[in-house]
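Novice: Provided below for reference: sequence and predicted model.
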Amino acid sequence: MPRLMPIAIAAIAAATLVNAHGDVAPQPVNTDELPDIGEEWLIENPFRAAAVGEEAWAKAIEIGASGYNQNCARCHGLEVISGGLAPDLRFLEAEEYGDEWYMERFISGYTQNGTTKMPAFGELLGQKAGWAIRTYIETRPDDDSMAEYSDELKAIRDALNDGSATDLEATKARLVAIAAEIETLSGAPVADSAASRAVASLDGSETGVKRAVEALTIGLSAAQ
């Protein structure tokens, strides 16, 4: 795997991609379930599905979501939808250029005129947490792409909730088809959307249906 190297464009990118961050005390993230990626900091996300497989990729998103919500959401927004205080990280390209910029900032933080705009997360959280958060960020769905299916997803959510969706396999198949059509803003090939989360939850149990309803409710709310 390629290793992290200094990047000349970091100072330029800071002017456009960084705004005021809160003085947040980093919260540790449990990454024990993620594959080992070594000690040296990498330059490219090692947790993409093509590199580690669908199961490890999904676990990276799950752990990354937790790490993001504990450490990043206060400034960068829930579901990575920025309210303007900090940059919208959903637009950071899911390729080596975006990876390198992201990890440079994750490791070292950002200070402007003696004021900490973003704390350094690298030493406390570690590389696996950093890449898990990156994986979660880059798989956020495009709001416009989600909007095309919002009415249908709401109808599916309501049908699951009131029990009128009696053919769960057909419902799941439709959700799979919708999930495949929802794009990311980062250019990542697969979006971790409300539809894909609902699919993962529908395991044939009543609890699974409830989880799917919750996933659709949360995802649709965030996209509004």
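Specialist: Nice, I can see it.
Novice: what number of residues lie near residue 103?
Specialist: The number of residues packed near residue 103 is 22, by other C-beta atoms under 10 Å. Heads up, the C-betas are built off the backbone N, CA and C, glycines and all.
Novice: can you pull the pLDDT of it?
Specialist: At residue 103, the model reports a pLDDT of 96.
Novice: Checking it next. Helix, strand or coil?
Specialist: Three-state assignment for residue 103 (DSSP: H, G, I helix; E, B strand; the rest coil): helix.
Novice: thought it was touching residue 126?
Specialist: No: between residue 103 and residue 126 there is no contact under C-beta atoms under 8 Å: 11.8 Å.
Novice: Quick check: next helix or strand after the helix or strand bottoming out on mean pLDDT in the chain?
Specialist: For the chain, using mean pLDDT, DSSP states H and E, the weakest element among its helices and strands is helix 10-17, scoring a mean of 32. Per DSSP states H and E, the first helix or strand lying C-terminal to helix 10-17 is helix 49-52.
Novice: which residues in this protein form helices?
Specialist: Along the chain, counting by DSSP state H, helices occupy 10-17, 49-52, 54-71, 73-76, 96-108, 122-138, 143-147, 150-162, 168-181, 194-201, 206-223.
Novice: Where does pLDDT dip in this structure?
Specialist: 1-24, 223-224 (pLDDT under 70).
Novice: domain ranges for it?
Specialist: Following the assignment in automatic domain parsing, the chain carries domains at 10-138, 143-223.
Novice: What values do phi and psi take at residue 44?
Specialist: phi -130, psi 140 (degrees, to the nearest 10).
Novice: Around it, count how many other residues there are.
Specialist: Residue 44: 17 surrounding residues under other C-beta under 10 Å.
Novice: ditto for the one 3 residues further on
Specialist: For residue 47, the number of neighbouring residues by other C-beta under 10 Å comes to 24.
Novice: Fine by me, thanks again.
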